[in-house]
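Chemist: Okay, predicted coordinates and the sequence, questions at the end:
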Amino acid sequence: MSLICLFVSIPAQTINVNSFELPNGLKVILSPSNDMQTAVVCVYNMNGARNDPADSRGIFYLYQYLMFDGNENLESYDHVLLINKIGGTVSGRVSYDNSVFYEVLPASEINLALWLESERLKSLRLEDENIDYHKAQVFNRIRLYESNLEFKAQTWINDKIFAGSPYAYPIYGDLNKIRNLSDDRIRENYRKFQNLSNILLIIAGKFDINELKAGINKFFQNIPPGKKSQEVVANASNQHSVYAVKNWMIPGLKNNFAFIGIKAPGKTSYNFVYFDFLRYYLTDPRISRLEYILNKVNKLNIEIEGTCTDYFEVNALTIQLSSPKRINLEKAKYILGQEFSALTAKPIGNTEIKAIRTLMEIDLNKGAYDLEERCLRIGEFYHMFGELNFLDMQLRRLRKITSYDVLESAKKYFNKDNQVLLNVYGE
C-alpha cells in the first residue's frame, strides 16, 4: 500500500482567537480572518441531549426545530428567509454534548445575524400550537428512520457500547413520552436551555472589531443573566466491557452485512488522537488498510464503510462490511480479526506513521479554515478544556504521535471485550 504521495510539507499554522465577557455573563469569542468577505455568527450552547431531564429525554432535540419557529418580532422561518435573501445560510443542530446554531453570511451583514440570534434568545415562540406541531413532526420523522436497516443496526450497537452512559439513550428520547409531554414542561425547561451562563457567542471571519462590539452590546447586553445549573450529569467513565454478538435474519435481503462496533475514547481523553489515527489507518477511503487487504489482496469485493461518533466522553467506531456472497463476508470478518490482532502485536511502520499523521494534519488545517467548522471546534475545545487556541494544541499533539502510542492504543481498544458484532443475513 503506497502512501508516499501523502508526504507534503506543512508549515506551522495558527489562528487568532480572543474573548471578552458581557456584564450579563455572555462569553464572546472572536476569531478574525480579514482575508475573506464572509463571517459566521455562532451560538454555541453547552447543553445537549445528555442534559435532558431523566423523565423527559428528547426535550433538547425538540428545541432545534422550535429555534426556527419565530419569536415576538418574526414569523416562523423568517430567520431563515432573511439570511437566505442576502445569500447566506442558516443551520443548527442539537448533539449529545452541545447545541450549535449559526449563520454564514456576507461580512457586511453581520449585524443582521446578531439581531436574529438575540431575538430568539429573548423571545422564542413557544406557543402550544408550535410545540404540538413539532412534537408530531419529530415523531413521524423518527418513525421513518427506524425502518432503515443501517439506522436500526447503529442503534443496537450504540445501546451495547454506551450502556450505562447518557449516550445510550436515543438523542430524540422516548418518542411516545415526548409526544405526550406537557407543553408547560417544555416551556419551563427552555429557560435552562437558553441560560446565558451556558452559552458562547462565537464570531469568525471578517469584521471591524469596534463595529462588531457595538453591535454585540446593542443586541445582547440587555438579555437577563442566567444562573449556572447545579444539576449533575451522568458520565461514562465507569463503563464495563461490551462484548456481544447478534444475528438478524432478514427475508429477501440481497446484501449480507456485518457491523463491528468498537468502543472508542471520548474527545476529552488523551487517547482520542491515537485512536483517531487507527480509524484513519483502517477506514479512511484515501488510505484504507481494509480496502487494500480485503479487496486488492484477497479480491473479496467487500463494500467497506467506517463511521465514528463524535462525543466528549466515549465514542463508537462502526465498521460496516457488506457483500452479496456470505462466504466472502465471513472471510472478511476473519481477516479483519487478524488485522486487529496484528495492530496489538506489532507497531505500524514509520513510513505509514508519517503519511497518516500528515493526512490528519491536512484535514485539521482544512477544518480550521472553514469558518463554520472553526466555530464548532473553538466552542467544543473551550467547553471541554477551557482553552481557546484549539488548533495549536491539537497540532502539537498530532505531531508527537509515535508508533508506540498507536500500538498502546490498539492494545487498549481493539481487544475482543471492547467490541460488538451484528450479523445481518438474508434468509
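Modeler: Structure received. Numbering: from 1, shown residues only.
Chemist: how close does the most centrally placed residue in the chain get to K411?
Modeler: The residue lying closest to the centre of the chain (Cα atoms, centre = their mean) is D310, at 4.1 Å. Distance, D310 to K411, using Cβ to Cβ, to the nearest Å: 24 Å. Every C-beta, even on glycine, is put in place using the N, C-alpha and C of the backbone.
Chemist: all strands for the protein, in order.
Modeler: Listed in chain order, the strands of the chain (DSSP state E) span 18-21, 27-32, 38-45, 89-94, 99-106, 199-205, 244-250, 256-265, 303-308, 314-323, 419-426.
Chemist: how about these in a markdown table, adding mean pLDDT?
Modeler: A markdown table is the format used below for the strands of the chain (pLDDT from 0 to 100):
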| stretch | mean pLDDT |
| --- | --- |
| strand 18-21 | 96 |
| strand 27-32 | 97 |
| strand 38-45 | 97 |
| strand 89-94 | 94 |
| strand 99-106 | 96 |
| strand 199-205 | 97 |
| strand 244-250 | 94 |
| strand 256-265 | 97 |
| strand 303-308 | 96 |
| strand 314-323 | 97 |
| strand 419-426 | 96 |
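Chemist: With adjacent residues omitted, what lies nearest to A264?
Modeler: Excluding the flanking residues, the one nearest A264 by Cβ to Cβ, 6 or more residues apart in numbering is N315, at 4.0 Å.
Chemist: next one: F220
Modeler: F220 sits nearest to S118 (Cβ to Cβ, 6+ apart), 5.3 Å away.
Chemist: With N45 instead?
Modeler: Nearest to N45 is S99, by Cβ to Cβ, 6+ apart, at 4.0 Å.
Chemist: That neighbour reaches G92, doesn't it?
Modeler: Yes. The criterion here is Cβ atoms under 8 Å, and S99 meets it with G92 at 7.5 Å.
Chemist: all helices for the stretch 101-250 of the chain, in order.
Modeler: 110-123, 128-145, 149-161, 175-180, 183-193, 209-220 (DSSP state H, counting those that start in this stretch).
Chemist: residues making contact with the fifth one?
Modeler: Put plainly, it is helix 183-193. With Cβ atoms under 8 Å, 6 or more residues apart in numbering as the test, helix 183-193 has contacts from 45, 47, 53, 56, 59-60, 62-63, 66, 99, 124, 126, 128, 131-132, 229.
Chemist: mind running it again at 10 Å?
Modeler: Residues external to helix 183-193 that are found in contact with it (Cβ atoms under 10 Å, 6 or more residues apart in numbering): 45, 47-48, 51-53, 55-56, 59-60, 62-63, 66-67, 94, 99, 124, 126-132, 134-135, 178, 181-182, 198-199, 226-227, 229, 231.
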